[in-house]
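Q: Fold the following.
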Amino acid sequence: MSPTAISGGSGGTLRFLESTIFKKAVMALTGAILFGFVSGHLLGNLQIFLGPDRLNEYAAFLKSNMEVLWIARTVLLLSVTAHIVTTVQLMRINQTARPVGYAKKNNSHSTLASRTMYYSGPMVAAFVVYHLLHFTTGTLHPEFSPVDVYSNVVVGFQRLPVAISYIVAVGLLCLHLSHGVSSLFQSLGFSHPQHTPRIKAVARLVGILYFAGYASIPAAVMLGILRAPSVHL
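A: Numbering: from 1, shown residues only. As a prediction, this is how the structure comes out:
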């Protein structure tokens, strides 16, 4: 094979990796992975309503499979990193393609979720760091227990600022999620005048349901529905 052919092949590969199509594909793939995590995490968290024993047994089961847990954490970390990097890259491509701002920006065809997409992501990422330090490592938790996850959650959310910030954060997450789910299909090239509005409606419903699920936990603590054992009070 000639040097020219080799050069052309490597150059073509590089151009593809730098293309908008590839970046959108990465966004779609990593978004799907993160959506799967958010779904599984919600199902796990909602077990708190089944009582302390059920949630603590679930947490113990996860910790008993540390190899699998660390593989999942690694995949999630790589996915989050790739998702953020490609988001920034696509934002710069859009800014370069449209260097002069609109004299009057028309938002009639956009949604709150789409308009806040670039801002909600970093804010959610910052909250995730706090969330890990609060409930996973216990660094920022006032009464952290490595085995009593139920009490960790309840005691943590008994602090009003923490509970409210969590609800606001999951609200931003679900805004991001509702737009991300519909964008996933567009990134894969699926667009149809009849089905696209339905997909967007389903994506909005998913965002609302996930918000209700996540927010129900701090809300239940603040309303006294979920209570920690007296030893932690």
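Q: Give me the helices and strands touching the longest helix seen in the chain, please.
A: Ranked by residue count under DSSP state H, the longest helix found in the chain is helix 66-97. In terms of contacts (3 or more CB pairs under 8 Å, 6 or more residues apart in numbering; DSSP states H and E), helix 66-97 is packed against helix 20-45, helix 117-131. In short, each C-beta sits where N, CA and C put it, glycine included.
Q: Next, format the ones you listed as a markdown table and append distance to residue 217.
A: Listed next are these as a markdown table, based on distance: least, CB to CB, whole Å:
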| stretch | distance to residue 217 |
| --- | --- |
| helix 20-45 | 6 |
| helix 117-131 | 12 |
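Q: would you list those helices in TSV and tack on distance to residue 212, mean neighbour count and mean pLDDT?
A: Output for the helices and strands packed on helix 66-97, formatted as TSV (distance: least, CB to CB, whole Å; neighbours: other CB atoms under 10 Å; pLDDT from 0 to 100):
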stretch	distance to residue 212	mean neighbour count	mean pLDDT
helix 20-45	10	16	89
helix 117-131	17	15	76
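Q: for those helices, which one sits closest to residue 227?
A: helix 20-45 (17.0 Å; CB to CB).
Q: I'd like to know which elements that closest one is packed against.
A: Under the contact criterion of 3+ CB pairs under 8 Å, 6+ apart, helix 20-45 touches helix 66-97, helix 160-187, helix 195-222.
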